[in-house]
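Asker: Sequence and predicted model, in that order:
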Amino acid sequence: MSDNKITKTNIVGFLCNWCSYAGADMTGLGRNIYPSNIKIIRIPCTGRMDPMMIIEAFHNGADGVLVSGCHPGDCHYSEGNFYWRRRYPHLKSLLEHFGIDKRRFHASWVSASEGKKFAEVVKKVTAEVKDWQENG
Amino acid sequence: MDKELQELIKKLLTEKKAEWAVGYEKSYDEFSTSPAFVNDPAAAGRLLFNKYCINNLGSYLNKLKKNKVAVVCKGCDIATVFELIREKQFKRENVTIIGVACEGVVDKRTGKLLEKCENCAVKQPVGADFTLGTAKNSPKPKSFEDVALFEKKSSKEKAEFWERQFEKCIRCYACRNVCPVCYCPDCFAQRSMPEYLSKHVEAGENKLFHMVRMQHVFGRCTDCKACDTACPVNIPLSLLTKKLAKDAKELFNYESGADTDARPPLSTYDEGDSESDIM
Amino acid sequence: MTYLISKENINALLTSLLAAKTVYAPKKDAEETVLFGKLGSAAEWHGASLLTHTTAKDKVYLQSESLFKIKKGKDGVQIEEPAEPEEIVIFGCRPCDARGFDVINKLFNWSNFVDEYYTKRMEKTTVITISCEKPESTCFCTSFAKGGPVNETGSDLLLTPQKDGNYFAEAVSEKGKKVVSENSKLFSEAPVNALQEKADFKTAAETKIVKKLDLAAIKKLMEPAFEAAYWDTVHLPCVKCGACTYVCPTCYCFDITEKAFDNLNSERVRNWDTCMSEIFTRMAGGVNPRTDTKKRFRQRFMHKFNYHVDNFKEELCTGCGRCIKACPVSIDIRKVIEGIK
């Protein structure tokens, strides 16, 4: 089945500064190992996550994209992540319609203290993206 | 109906209830019409309405913002006018909507009735200031079957389908320019600092343009098919606009153009919104 | 040099040409769009007399042409020239399309300015035209001095269908003669009445052309009418896209940009540009002399029927009518220029 030799898996991670980015930092501090395929970009809030950036990421060769923010109710800017919570399913559906497999695009809520969770999230995302790469 | 329409326009212009009237006039042969702009009551005789009146005249209202305008609208075009009013592009009192009963319009490229006309619930227009003529609405409602069928394809098949379509795209931007809700004076496609979209015309860049444009019109697009019928190379944009309409309905119970006081789905939120598959 | 080629041998000719070169001919796709596509076999040729949605212009004058690639390395900067263009055949275009090449040829070989990219490709292109049997309501090729349903300007080989289904073949240029000589088995002697049949064909086709414009008279009115109020209203339906310019066989305006891939690699590309676009005249610093939509609309017609005539003694138009068909709001170029008083 998997004759495709994946040479590289590139995942772009958009992490909100206050929760997820700090959380990812915690992952390192807690010595939780996660795949290094993810390249992190810091954004102030998932509310600012412009869908165009996600589309451009895929256009420029990203195999997968992860957007991670504060848990609903905990947004540093009060409601940014509520807007993102609406934007994400719409965007995922639209991208799927254009042929971007649903295994390539993910979202998560990771708080500043959830170092372990972030590692799990990245492991899951990487596995799904690799699954898409191998099995189409 | 033409006589009635011309008399009405003449009256509105003479009584200064409108400064400009936007309607349809005959174009190069009996199977085509062009939008007509009339500000002289004596010229009202140019206007007509028939099954070749395919253009959505609502998209011109943005250009005539500063004037009082009377616009000839089919039932489907009225949704566009309401959407633009909702977006505060102009005031309701500055527009006189002349609804015309419509049995369906014909695509000049194929000679066939547009697919949307087969399941039209507004052949008898609703919400106009004046309504001319009568027509019977289609018994069956709008169906999203073709979108649902397309959704069942694998992502590989979908990607290949769009690759083939966007290979044809010549980036003329006819779709964007006829779209009533695409009125940004500085469109992302034209920016050079930063350059979001390369001027290089090839399938990948073309796909980027269409993906972003569709995302930008989500929740605002009324699925009027202006973009689909404008495309010189017949890219099935209707498959995209219908998807937007389906998603707006299914994800957020929202229909564009229905309520001029509504908040569009992405500019608002609800504390009870679904978490979908967020980890 | 005149010959006859049978209907069956047309397929054989296509097959023979395909073996040696890339052949572009009208091809129909799943959405009923007829475009000039690369033929995989002779059977893919959509031979019915139809005006293709776009022209074959983009096979010679590429919509996005890589001028050169720039690579920065340890040894400095290297410029990589583009690959040599390959031999191609454009098969089954109409006389109005072929004449479009003739018009652009003069532009890209103007005095001392020779456009290498276009010229190299044109040298490697053979144009095989089929005379036009069914002009449409949008056609007006006969309004031009060198226009007409059987006109051979710009063609290398002109094929005129005959009543018996065969084609009367005329080798117009050396390239055309080469096609015949390389496929001599497929061509036979033209019958005695062939020229008469061609003349009858021409007359029959011309009767279908509904409008003939007096372009010389129109040109005289254009300059004085530059500031006329006419332009204030005639441009209103236009949505200022670029459909008309991109489907036109003679429109040639372009924009040159650079695309950087990373710190070390970039490319200079020439793309088609449309005078209808708001950013057509945008310059560095944001200056834009022609933001006014009325001015952009007026410019197109002035260029095609006035300025170009001053520079090249011919209009920048072949009367194919594609702009009228492609226009989302059905603006008729003939109506616009006839309205100038």
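Answerer: Good, I have the coordinates. Remember, predicted model here, so these are calculated numbers, not experimental data. Residues are numbered from 1 along each chain as shown, chains lettered A, B, ... in the order given.

Asker: which residue is nearest the centroid of chain C?
Answerer: C:P249 (2.4 Å; CA atoms, centre = their mean).

Asker: Which residues of the stretch 101-250 of chain B lie near chain C?
Answerer: B:108-110, B:164, B:168, B:170-174, B:176-178, B:190, B:198-202, B:226, B:229-230, B:232-236 (CB under 8 Å from any CB of the partner chain). All C-beta spots, glycine's among them, are computed from the backbone N, C-alpha and C.

Asker: how near is whatever residue of the stretch 151-300 of chain C ends up closest to chain A to C:W272?
Answerer: When scored by CB to the nearest CB, the stretch 151-300 of chain C has C:F261 as its residue closest to chain A, at 9.9 Å. Remark: distance between C:F261 and C:W272 (CB to CB, to the nearest Å) = 22 Å.

Asker: Look at the two and report which has more neighbours.
Answerer: When C:F261 and C:W272 are compared for neighbours, C:W272 comes out ahead with 24 against 11, by other CB atoms under 10 Å in any protein chain shown.

Asker: The more buried one: what's it in contact with?
Answerer: Going by CB atoms under 8 Å, 6 or more residues apart in numbering or on different chains, C:W272 touches B:201, C:63-64, C:245-246, C:251, C:253-255.

Asker: Is stretch B:225-236 in proximity to chain A?
Answerer: No: judged by CB under 8 Å from any CB, stretch B:225-236 stays clear of chain A, getting no closer than 12.2 Å.

Asker: and chain B, what are its domains?
Answerer: By the assignment in automatic domain parsing, chain B contains the domains B:2-132, B:145-267.

Asker: Can you give me the first-to-last residue distance of the shortest one?
Answerer: The one in question is domain B:145-267. 28 Å (CA to CA, to the nearest Å).

Asker: I'd like the mean pLDDT over that domain, please.
Answerer: Here domain B:145-267 scores 94 as its mean pLDDT.

Asker: show me where pLDDT drops low in chain A?
Answerer: Along chain A, the parts satisfying pLDDT under 70 run over A:1-5.

Asker: Please enumerate the helices of the stretch 1-150 of chain B.
Answerer: Taking DSSP state H, counting those that start in this stretch, the helices of the stretch 1-150 of chain B run over residues B:2-14, B:75-86, B:145-151.

Asker: How about the first one, which residues are buried there?
Answerer: It stands for helix B:2-14. Neighbour counts over helix B:2-14 (16 or more other CB atoms under 10 Å in any protein chain shown) mark B:5-6, B:8-10, B:12-13 as buried.

Asker: about what we covered before: so the residue nearest to the centre of chain C versus C:G154, what's the distance?
Answerer: On the measure of CB to CB, C:P249 and C:G154 end up 9 Å apart.

Asker: Overlap of the contact sets of the two?
Answerer: By CB under 8 Å, 6+ apart, the residues touching both C:P249 and C:G154 are C:97, C:99-101, C:103.

Asker: ok, so of those residues, who is nearest C:K175?
Answerer: Nearest to C:K175 among the shared contacts of C:P249 and C:G154, counting by CB to CB, is C:F101 at 12.0 Å.

Asker: and that closest one, that one's in a helix?
Answerer: Yes: assessed with DSSP: H, G, I helix; E, B strand; the rest coil, C:F101 lies in a helix.

Asker: Chain A: helices as residue ranges?
Answerer: Using DSSP state H, the helices of chain A run over A:20-29, A:51-59, A:80-97, A:115-135.

Asker: Determine the angle, from 0 to 180 degrees, between the first one and helix A:115-135.
Answerer: So the one you mean is helix A:20-29. 90 degrees (axes from the mean of the first three to the mean of the last three CA atoms, to 10 degrees).

Asker: Contacts for helix A:20-29 next, please.
Answerer: With CB under 8 Å, 6+ apart as the criterion, helix A:20-29 contacts A:13, A:15, A:34, A:40, A:42, A:68-70, A:108-119.

Asker: Which parts of it count as buried, going by neighbours?
Answerer: By neighbour count with 16+ other CB under 10 Å, helix A:20-29 contains the buried residues A:20-24, A:26-27.

Asker: tell me the SS of C:C317?
Answerer: Here C:C317 takes the coil state, with states given by three-state DSSP.

Asker: Show me what residue of chain A gets nearest to chain B.
Answerer: Residue of chain A nearest chain B, by CB to the nearest CB: A:G99 (2.9 Å).

Asker: Likewise for the stretch 51-200 of chain C?
Answerer: Minimum separation of the stretch 51-200 of chain C from chain B (CB to the nearest CB) falls at C:S137, amounting to 4.0 Å.

Asker: if I pick B:L240, what's in contact with it?
Answerer: Neighbours of B:L240 in contact, by CB under 8 Å, 6+ apart: A:97, B:210, B:214.

Asker: Out of the residues you listed, who's the most crowded?
Answerer: Going by other CB under 10 Å, A:H97 tops those with 23 neighbours.

Asker: Give me the nearest residue to that residue, chain neighbours excluded.
Answerer: Of all residues not flanking A:H97 in the chain, B:K243 sits nearest, at 5.0 Å (CB to CB, 6 or more residues apart in numbering or on different chains).

Asker: What number of residues are in the vicinity of that neighbour?
Answerer: By other CB under 10 Å, neighbour count at B:K243 equals 24.

Asker: quick one: secondary structure of it?
Answerer: B:K243 ends up helix, using three-state DSSP.

Asker: could you list every residue that touches it?
Answerer: A:93-94, A:97, B:147, B:150.

Asker: Please identify which of those residues is nearest to chain C.
Answerer: Using CB to the nearest CB, B:F150 comes nearest to chain C of these, at 13.4 Å.

Asker: quick one: that closest one and A:E96 touch, right?
Answerer: No: using CB atoms under 8 Å, B:F150 is not in contact with A:E96; the gap is 10.5 Å.

Asker: any common contacting residues for these two?
Answerer: B:K158.

Asker: From C:I331, how far off is C:G321?
Answerer: 12 Å.

Asker: Tell me which of the two has more neighbours.
Answerer: Neighbour totals were compared for C:G321 and C:I331, and C:G321 leads with 25 against 21 (other CB under 10 Å).

Asker: give me the number of residues near the residue of chain A at minimum distance from chain C?
Answerer: Residue nearest to chain C within chain A: A:N60 (9.9 Å; CB to the nearest CB). By other CB under 10 Å, 12 other residues sit near A:N60.

Asker: which residues does it contact?
Answerer: With contact set as CB under 8 Å, 6+ apart, A:N60 has no partners.

Asker: tell me which residues of stretch C:40-48 are tucked away?
Answerer: C:42, C:44-45, C:47.

Asker: Ok, stretch C:264-276 next?
Answerer: By neighbour count on 16+ other CB under 10 Å, the buried set for stretch C:264-276 is C:266-267, C:269-276.

Asker: and if you look at stretch B:120-129?
Answerer: With burial defined by 16+ other CB under 10 Å, the residues of stretch B:120-129 counted as buried are B:120, B:122-125, B:127-128.

Asker: pLDDT at the residue of chain C positioned farthest from its centre, what is it?
Answerer: Computed with CA atoms, centre = their mean, the maximum C-alpha offset from the centroid of chain C is found at C:K74, amounting to 44.3 Å. Per-residue pLDDT puts C:K74 at 89.

Asker: just B:K108 next, same as before
Answerer: 83.

Asker: C:Y230 versus the residue nearest to it when sequence neighbours are not counted, what's the distance?
Answerer: Distances taken as CB to CB, 6+ apart place B:S32 nearest to B:K108, at 5.4 Å, with adjacent residues excluded. Plainly put, B:S32 is 22 Å away from C:Y230 if you go by CB to CB.

Asker: Pick out whichever of these two has more residues nearby.
Answerer: Higher neighbour count among B:S32 and C:Y230: B:S32, with 21 against 14, using other CB under 10 Å.
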